[in-house]
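Below is the sequence, then the predicted model.
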Amino acid sequence: MRKGYSTQLRLDSLPIDQVPLNLECRSRIVSILRAVQQVYSKAEVTATIMKLIEADVNLDTRKDCGRTGMDYWHIMVLASVRLGCNFTYDHLHDLAENHTRLRAIMGIGAWDGETNFSWRTIRNNICLLKSSTIDAISQIIVAEGHAVVPEAVEQLRADSFVMETNIHYPTESSLIRDGLRKIIEICLERMPDHQLPGWRQHAYLWSSVKKLARQIDRIAAKKGGDYVARLKEPYRELLQKTQLIIAKARQLCIDLLLPQATPDDVFGPNTLQAFIARTERVMDTAKRRVLLGESVPNSDKLFSMFEPHTQLYKRGKAGEPIQFGRQVLVFEDAAGFIVHGKLMNRNDCDSGVAAAETKVVQDRFAGRIKRLSFDRGFHSPENQELLSDVIPSLCLPKPGAKQSLKQMAAADDDFLEALQNHPGVESAIGALQSGNGMERCRDRSEIGFERYISLATLGRNLQTLGRLLIAKESPKSEAAFTRRKAA
């Protein structure tokens, strides 16, 4: 049984929109809680958000019977704070039980010692929210912000960055070892029930796999003369033992009447068939690269057994020659709101998504965007033409010294001003990475990755809205301070 939020005021609590906040504290949680208060103060806005959350939480269940679950308002507040302040679930657990102002904003009275939350409860409820639902809530927050600074949406700047997945450095030997570990683990789970033959030597097989993987790692780390040739023999033995274990796993699928693994299972859920397909894919690339000496393209490689959607990027960034993760495209307005965030497809490039995503944003704001800036990585002749039809004042620098000089000579004042202000979006990206957890995704799976992006964007927008409200009410307070230039 669930409810949106309690409308009955308790003797030990103030109304949520009247809870006092310490505006001399510079912690991000202060501005986020102020923004949440603003949302609560408008009944129609709160009702809309509660309906969005209810649709996800009670997707296949009834809300009027069963055990009492977390209120929708509690989920909203904790989801906002989680990546708004870049907290882990353990940290959020502690705050939800001990932070008096946070509990007051959640509608929990000072005398209420029974309402507690475990980190599992918080995690399980937040993970019920879809990324599309969180994005819709974020757009409601942006609309509240634009009511304070309506001209902010007229000027946007966009850029992309790589958010890393939570994986170890991938090598074929380590990936094969990860895959076999999971295959053996899943197969053994079925042994007590089915008593199937063929797995009596599983401990010996796993021990020999680890020994070969360590041998490969030592040779690859030390290198030395002719180390490529010395890698071939242990790799050949590792592939043979891997093939033996996979054959046993495939036989187990036949015995249990399970579907056989296919290449299409590589990006599926973490089932036995999926780990078989992923391990076989890594075996293929290892054979081609090490034994046959081929140059394997990145599109054929797999970089994680547990996050198979991970891609490798070589963006030429200082100190980060390669990154393992996914590209994220963000649009920031003049007030600092992230008005649009997009997880790019695995094979998309900057120039391939610019026009389509810009049209989405312009349609969302009913054509109010007057100026938009990109960097030169988004330029193409097609984008120049398509974007010029959508945005009245477009700043899309051309690559190459000669083209750039020619474009600058013919540029007007709007183009030059947008070009000068565009690097500010790097500050927004840096804030998302350092303050909102978008440097590395801590959640699992591609669905979790998308939800993580949406939660970070929501937290950032709430923080921006809260700071704007505090600056309007108490401009000299510490909580209203920002090092970024005013819009």
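Cool, got the structure.

what kind of secondary structure is residue 128 in?
coil (DSSP: H, G, I helix; E, B strand; the rest coil).

any idea of the mean pLDDT in the helix or strand hosting residue 273?
Using DSSP states H and E, residue 273 falls within helix 272-286. Taken as a whole, helix 272-286 has a mean pLDDT of 95.

For that helix, name the packing helices and strands.
Using 3 or more CB pairs under 8 Å, 6 or more residues apart in numbering; DSSP states H and E as the contact test, the elements touching helix 272-286 are helix 172-194, helix 227-255. C-betas here are computed from N, CA, C, even on glycine.

who's in contact with the closest residue in space to residue 392 that isn't next to it in sequence?
For residue 392, ignoring the flanking residues on the chain, the nearest one in space by CB to CB, 6 or more residues apart in numbering is residue 370 at 5.3 Å. Contacts for residue 370 (CB atoms under 8 Å, 6 or more residues apart in numbering) come out as 154-155, 391-393.

which residues sit in contact with residue 373?
Taking CB under 8 Å, 6+ apart, we find residue 373 in contact with 156-158, 394-396, 418-419, 421-422, 425.

which one among the residues you listed gets closest to residue 380?
Each of the contacts of residue 373 was scored against residue 380 by CB to CB, and residue 396 proved nearest at 9.0 Å.

What separation do you get for the closest one and residue 371?
Computed as CB to CB, to the nearest Å, the residue 396 to residue 371 distance reads 11 Å.

These two - which one has more neighbours?
residue 396 (23 against 19; other CB atoms under 10 Å).

So which of the helices and strands packed on helix 272-286 is the most surrounded?
helix 172-194 (a mean of 18; mean count of other CB atoms under 10 Å).

Return the alpha-carbon coordinates of that one using PDB.
Extracted in PDB, the C-alpha atoms of helix 172-194 (Å, rounded to 0.1, in the frame of the first residue of the first chain):
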ATOM      1  CA  GLU A 172      41.100 -10.700 -23.400                       C
ATOM      2  CA  SER A 173      42.500 -13.000 -20.700                       C
ATOM      3  CA  SER A 174      40.700 -11.100 -17.900                       C
ATOM      4  CA  LEU A 175      37.400 -11.000 -19.800                       C
ATOM      5  CA  ILE A 176      37.600 -14.700 -20.500                       C
ATOM      6  CA  ARG A 177      38.300 -15.300 -16.900                       C
ATOM      7  CA  ASP A 178      35.300 -13.200 -15.800                       C
ATOM      8  CA  GLY A 179      33.100 -15.000 -18.300                       C
ATOM      9  CA  LEU A 180      34.100 -18.500 -17.200                       C
ATOM     10  CA  ARG A 181      33.700 -17.500 -13.500                       C
ATOM     11  CA  LYS A 182      30.100 -16.600 -14.100                       C
ATOM     12  CA  ILE A 183      29.400 -19.600 -16.400                       C
ATOM     13  CA  ILE A 184      30.700 -22.000 -13.800                       C
ATOM     14  CA  GLU A 185      28.900 -20.200 -11.000                       C
ATOM     15  CA  ILE A 186      25.600 -20.300 -12.800                       C
ATOM     16  CA  CYS A 187      26.000 -24.000 -13.800                       C
ATOM     17  CA  LEU A 188      26.900 -25.100 -10.300                       C
ATOM     18  CA  GLU A 189      23.800 -23.300  -8.900                       C
ATOM     19  CA  ARG A 190      21.700 -25.800 -10.900                       C
ATOM     20  CA  MET A 191      23.700 -28.900  -9.800                       C
ATOM     21  CA  PRO A 192      22.000 -29.700  -6.500                       C
ATOM     22  CA  ASP A 193      18.500 -29.700  -8.200                       C
ATOM     23  CA  HIS A 194      19.400 -31.700 -11.300                       C
END
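
ok, and for the following helix or strand past it, which residues are buried?
Sequence-wise, the next helix or strand downstream of helix 172-194 (DSSP H and E) is helix 202-222. Neighbour-count burial for helix 202-222, counted by 16 or more other CB atoms under 10 Å, picks out 202, 205-206, 209, 212-213, 215-216, 219.

helices or strands up against helix 202-222?
By 3+ CB pairs under 8 Å, 6+ apart, helix 202-222 packs against helix 172-194, helix 227-255.

possible to save those helices as a markdown table with mean pLDDT and distance to residue 326?
Listed next are the helices and strands packed on helix 202-222 as a markdown table, based on pLDDT from 0 to 100; distance: least, CB to CB, whole Å:
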| stretch | mean pLDDT | distance to residue 326 |
| --- | --- | --- |
| helix 172-194 | 88 | 18 |
| helix 227-255 | 91 | 28 |
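
got a markdown table for those helices, with distance to residue 142 too?
What follows is those, written out as a markdown table (distance: least, CB to CB, whole Å):
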| stretch | distance to residue 142 |
| --- | --- |
| helix 172-194 | 40 |
| helix 227-255 | 49 |
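
just so I know, which of the ones you listed lies nearest residue 50?
Distance to residue 50, taken as CB to CB, is lowest for helix 172-194 among those, at 39.7 Å.

Can you name every helix or strand that the closest one contacts?
Packing partners of helix 172-194 (3+ CB pairs under 8 Å, 6+ apart): helix 202-222, helix 227-255, helix 272-286.
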